[in-house]
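K.L.:
All I have is the shape, not the residue letters:
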Ligand SMILES: C[S@@+](CC[C@H](N)C(=O)[O-])C[C@H]1O[C@@H](n2cnc3c(N)ncnc32)[C@H](O)[C@@H]1O
């Protein structure tokens, strides 16, 4: 984090599921907070990784003051947020992130070109959608991945995106 000019202070993981990534993210920060809306997954996460702080919260209503986190990480989560709510989720991420923070996203892109229906399992979006939403932040990393999930039936191409601190010349 230091190499990217970001403090290794507080990190927020939105949509942590059963916490498989949480300990690895926590290693890079002084204080890591992981949230999800799935109570069962949170209970499993707490059982597997008691050293990490897990709590219940939705991306659309993050119970944290503005400018709290040095990094916000969300891994294959926003693709599950329907069109009607994605704007609110991105506003919340921007609100709780410090201006000098990193935003780290991994998103499936397989169905990004398809018309999105609310009953669909995923609402994949093009990377440009996120670049637009986080305008004012430089896209530091935009890495294509052929399979973002190891489960063959769910394998989907996707993209890891890292958005840097808010530009001071906005
Ligand atoms: C594909 S799983 C990914 C879990 C974890 N990030 C990982 O990579 O193992 C998607 C997760 O997003 C969570 N999720 C979906 N909508 C959410 C929302 N609005 N706020 C927070 N979490 C959400 C689900 O409960 C689920 O745990």
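P.N.:
Arrived safely. The structure displayed is predicted, hence computed values, not measured ones.
K.L.:
tell me the centre residue of this protein?
P.N.:
Geometric centre of the chain, nearest residue: residue 74, 1.4 Å, by C-alpha atoms, centre = their mean.
K.L.:
so that residue sits in a strand?
P.N.:
Yes: under DSSP: H, G, I helix; E, B strand; the rest coil, residue 74 sits within a strand.
K.L.:
May I have the beta-bridge partners of it?
P.N.:
Beta bridges link residue 74 to residue 105, judged by DSSP bridges.
K.L.:
so what's it up against?
P.N.:
13, 14, 15, 59, 93, 104, 105, 106 (C-beta atoms under 8 Å, 6 or more residues apart in numbering). Where you see a C-beta, it was placed from the backbone N, CA and C, and this is true even at glycine.
K.L.:
and these as a markdown table, adding pLDDT?
P.N.:
As requested, those are arranged in a markdown table below (pLDDT from 0 to 100):
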| residue | pLDDT |
| --- | --- |
| 13 | 98 |
| 14 | 98 |
| 15 | 98 |
| 59 | 98 |
| 93 | 98 |
| 104 | 97 |
| 105 | 97 |
| 106 | 95 |
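K.L.:
Check the residues you listed against residue 83 and report the nearest one.
P.N.:
Distance to residue 83, by C-beta to C-beta, is smallest for residue 59 among the contacts of residue 74, at 13.8 Å.
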